[in-house]
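[1] The sequence and its predicted three-dimensional model are supplied below.
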Amino acid sequence: MASTPLSHRYPSSLLPKSTQPHHQTGAKLQFHRTTVVKCTGTASQSPIFDSSSLTTANSSPVTASSPVNLRRPAEENIRDEARRHSSAHNFSARYIPFISDPNNAPPIDESYSLDEIVYRSRSGGLLDVQHDMTALKQLDGKYWRSLFDSRVGKTTWPYGSGVWSKKEWVLPEIDSDDIVSAFEGNSNLFWAERFGKKFLGMNDLWVKHCGISHTGSFKDLGMTVLVSQVNRLRKMNRPVVGVGCASTGDTSAALSAYCAAAGIPSIVFLPANRISIAQLVQPIANGAFVLSIDTDFDGCMKLIREVTAELPIYLANSLNSLRLEGQKTAAIEILQQFDWEVPDWVIVPGGNLGNIYAFYKGFQMCKELGLVDRIPRLVCAQAANANPLYLYYKSGWTEFNPVKANTTFASAIQIGDPVSIDRAVFALKNSNGIVEEATEEELMDAMALADSTGMFICPHTGVALSALMKLRERGVIGKTDRTVVVSTAHGLKFTQSKIDYHSKGIEGMACRYANPPVEVEADFGAVMNVLSQYLNKGSKS
Ligand SMILES: Cc1ncc(COP(=O)(O)O)c(C=O)c1O
Ligand SMILES: N[C@@H](CCOP(=O)(O)O)C(=O)O
């Protein structure tokens, strides 16, 4: 646990501004609570939801007959407006030790306020954010579904974000004023019609495009939560001089962007020459302090853990369970996008393994709170060059050994010693899950095939699609099974790998689906020749 007395050693310019009036510095927090929710029943009966209100999610009741003022006063911005509509609830959350075997767990006598700076339990294990489920259960599944549905696609602060539209389940106690958001989430759930039909004989295949996002990856979902909490801690005058992470390129991009938006210093440790140029330039452009270190991701992770134990730099990797609270909203969003029908399978590419647990947690919370009656089966897909979870799974969960991760085109999951291994195993065991792997050729071919049907995916999504292809081939995933593949980053971050593939420039790889450009003279006849050759081949459907 990082402690605070180091603060006096740091320049005051790096320390947070003075305490805001609405915060206390102790563990118990004070909010603008006007009423306490005691009701059960549906959303329309609750003080935090009014179905007749066009500006839903306000606490001030607006009935169908009330005059509804659709525009806020000109001098007000959306934060001011949110301040006027302070929510009323009694929801809360805290850190507890992560329990991998609830049947054999001792009673929990250890917990921490989310306002404490703590990443590990007393025994050195992982932590988990535990919500007050009793309070959340005072409202039924129908209520939560209506509330979340009412907030989609609006500009109401902060609910216009796909993450903060589920605020009560994420960080219930944070003041909306402290939230740092780019209205992330609400990402497209793409019906992969042509890919599904052509290559898999499937008609109900979907790709959740989490990478079509503010910084181009799913990391935005977790980072808005973490940076918002840091913003709050700094307003509480906690000595957080900056926020730091080790990264394979996406966590660093998200961290630097959200910190820049909030005016908080960010420090990123990157493995030298192991991330794409697009990912490298993101933190540079956003003003982060960028260290390019001559080691791999696991080496960077070790260093950042040591550094954050010494200095008041807040750790932003998914070891910090706050991140997963944001990431889990992608699972809730998938259910929402299917009108609360549960898909059969969800396939997630895995590296440091926080995300697979976040998906499990999101689905499980929806089940526990009555929004749905089951959860999907989860598949975690790894690159064969960085496959410690796959090997563990294949051993029948008997022996886990970290590996030395080899170079992979799926560079963001080149991780050999995943921090969240216990969380991932828990998620897979409790969802009747499966682990698959993909070789470099398999993942690059899958990416090329997906792109040829109109997507533009990253190699990690290629890993997930390749896992799907194998599971279809073996008949594990059926033709008509509703299946969601989670796309984790934007393909534009990984153009070099696509260039290498399409120019057939990868040693030892056939690049069977390469589509290189044809060089031709600036001459009508020459152009006509190549066109007629192309057209005679017949356009492949
Ligand atoms: C693009 C991309 N896909 C997948 C992953 C894997 O996520 P996780 O580390 O949570 O397993 C990462 C990061 O690790 C990533 O950046
Ligand atoms: N792919 C990640 C690796 C670190 O994962 P995290 O979720 O633990 O931060 C990255 O982009 O850095």
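    Perfect, I can see it now. As the structure is a computational prediction, the values presented were derived from the model and not from experiment. Numbers count the residues shown, from 1 in each chain. Ligands and ions are numbered 1, 2, ... in the order given.
[2] so does the lengthiest helix in the chain get close to ligand 1?
    When the chain is scanned for its longest helix (criterion: DSSP state H), the result is helix 219-235. No. If you take C-beta under 6 Å from any ligand atom as the test, helix 219-235 misses ligand 1, and the best it gets is 6.5 Å. (C-beta placed from N, C-alpha, C; glycine too.)
[3] And that helix, what does it pack against?
    If you count contacts as 3 or more C-beta pairs under 8 Å, 6 or more residues apart in numbering; DSSP states H and E, helix 219-235 packs onto strand 242-246, helix 250-262, strand 313-315, helix 322-327.
[4] is the longest one anywhere near ligand 1?
    Yes. Helix 250-262 reaches ligand 1 (C-beta under 6 Å from any ligand atom) through Asp250.
[5] got CSV for the helices and strands packed on helix 219-235, with mean pLDDT and mean neighbour count too?
    Below are the helices and strands packed on helix 219-235 laid out as CSV (pLDDT from 0 to 100; neighbours: other C-beta atoms under 10 Å):
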stretch, mean pLDDT, mean neighbour count
strand 242-246, 98, 28
helix 250-262, 98, 27
strand 313-315, 98, 23
helix 322-327, 98, 27
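[6] now these as a markdown table including distance to Gly162?
    Shown next, in a markdown table, are the helices and strands packed on helix 219-235 (distance: least, C-beta to C-beta, whole Å):
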| stretch | distance to Gly162 |
| --- | --- |
| strand 242-246 | 22 |
| helix 250-262 | 14 |
| strand 313-315 | 24 |
| helix 322-327 | 9 |
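[7] between those, which gets nearest to Val227?
    Closest approach to Val227 among those (C-beta to C-beta): helix 250-262, 3.9 Å.
[8] so where's this structure uncertain?
    The chain contains residues with pLDDT under 70 at 1-70, 86-87, 539-541.
[9] one more time with 80
    1-71, 83-89, 538-541 (pLDDT under 80).
[10] Ok, which of the helices and strands packed on helix 219-235 comes nearest ligand 2?
    Checking the helices and strands packed on helix 219-235 against ligand 2 by C-beta to the nearest ligand atom gives helix 250-262 as the closest, at 3.2 Å.
[11] and the helix or strand just after the closest one with strand 242-246, angle?
    Sequence order places strand 266-271 as the next helix or strand after helix 250-262, per DSSP states H and E. Comparing the axes of strand 266-271 and strand 242-246 via axes from the mean of the first three to the mean of the last three C-alpha atoms, to 10 degrees yields an angle of 10 degrees.
[12] So which bits of the next helix or strand after strand 266-271 are buried?
    Remark: after strand 266-271, the chain's next helix or strand is helix 277-285, criterion DSSP H and E. Across helix 277-285, burial judged by 16 or more other C-beta atoms under 10 Å covers Ala278, Gln279, Leu280, Gln282, Pro283.
[13] Identify, from these, the entry nearest to ligand 2.
    Ligand 2 lies nearest to Gln279 out of the buried residues of helix 277-285, by C-beta to the nearest ligand atom, at 7.6 Å.
[14] just to revisit the earlier point, from the buried residues of helix 277-285, which single one is nearest ligand 1?
    Ligand 1 lies nearest to Gln279 out of the buried residues of helix 277-285, by C-beta to the nearest ligand atom, at 8.7 Å.
[15] From the contact counts, what lies against whichever strand or helix holds Asp80?
    For Asp80, the host element (DSSP H and E) is helix 78-84. The helices and strands touching helix 78-84, judged by 3+ C-beta pairs under 8 Å, 6+ apart, number zero.
[16] Gly350 against Ile356, yeah?
    Yes. Between Gly350 and Ile356 there is a contact at 5.2 Å, judged by C-beta atoms under 8 Å.
[17] Now the common contact residues for those two.
    Common contacts of Gly350 and Ile356, defined by C-beta atoms under 8 Å, 6 or more residues apart in numbering, comprise Cys380, Ala424.
[18] Can you pull the residues of the stretch 351-500 of the chain lying near ligand 2?
    Contact residues (C-beta under 6 Å from any ligand atom) of the stretch 351-500 of the chain with ligand 2: Gly351, Asn352, Gly354, Ala412, Val419.
[19] and the two most separated of those residues?
    The most widely separated members of these, counting by C-beta to C-beta, are Ala412 and Val419 (14.6 Å).
[20] So these two - more neighbours on which side?
    Neighbours per residue, other C-beta atoms under 10 Å: of Ala412 and Val419, the larger number sits with Ala412, 29 against 22.
[21] so that one makes contact with Ala253?
    No. Using C-beta under 8 Å as the test, Ala412 is too far from Ala253 to be in contact (10.2 Å).
[22] And the strands in the protein?
    93-97, 112-113, 127-131, 189-191, 205-209, 242-246, 266-271, 289-293, 313-315, 345-349, 377-383, 434-438, 483-487 (DSSP state E).
[23] Ile277 contacts Ile499, doesn't it?
    No. Counting by C-beta under 8 Å, Ile277 sits too far from Ile499 to count as a contact (11.6 Å).
[24] how close does the spatially closest residue to Ala192 that is not a sequence neighbour get to Phe195?
    Residue nearest to Ala192 in three dimensions, not counting chain neighbours: Leu205, with 4.6 Å by C-beta to C-beta, 6 or more residues apart in numbering. In this view, Leu205 and Phe195 are 7 Å apart by C-beta to C-beta, to the nearest Å.
[25] can you check Thr155 too?
    Taking C-beta to C-beta, one finds Thr155 at 34 Å from Phe195.
[26] how about the residues of the stretch 351-500 of the chain next to ligand 2 in CSV, adding distance to ligand 1?
    Shown next, in CSV, are those (distance: C-beta to the nearest ligand atom, whole Å):
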residue, distance to ligand 1
Gly351, 3
Asn352, 3
Gly354, 4
Ala412, 3
Val419, 8
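[27] Nearest to Leu270 among those residues?
    Of those, the one sitting nearest to Leu270 (C-beta to C-beta) turns out to be Ala412, at 11.6 Å.
[28] quick one: contacts for the residue nearest to the closest one when sequence neighbours are not counted?
    Excluding the flanking residues, the one nearest Ala412 by C-beta to C-beta, 6+ apart is Thr248, at 4.3 Å. Thr248 makes contact with Pro271, Arg274, Ile275, Gln279, Phe297, Gly351, Ser411, Ala412, Ile413, Gln414, Ile415, according to C-beta under 8 Å, 6+ apart.
[29] ok, now Met444?
    For Met444, the contacting residues are Phe409, Pro459, Gly462, Ser497, Tyr501, Ile506, Met509, Cys511, by C-beta under 8 Å, 6+ apart.
[30] So which of the residues you listed wins on neighbours?
    Gly462 (32 neighbours).
[31] How about it, nearest residue that isn't a chain neighbour?
    Here the residue nearest Gly462, using C-beta to C-beta, 6+ apart, is Met447, at 3.3 Å.
[32] To what extent is the one you found buried, counted in neighbours?
    Number of residues near Met447 (other C-beta under 10 Å) recorded here: 30.
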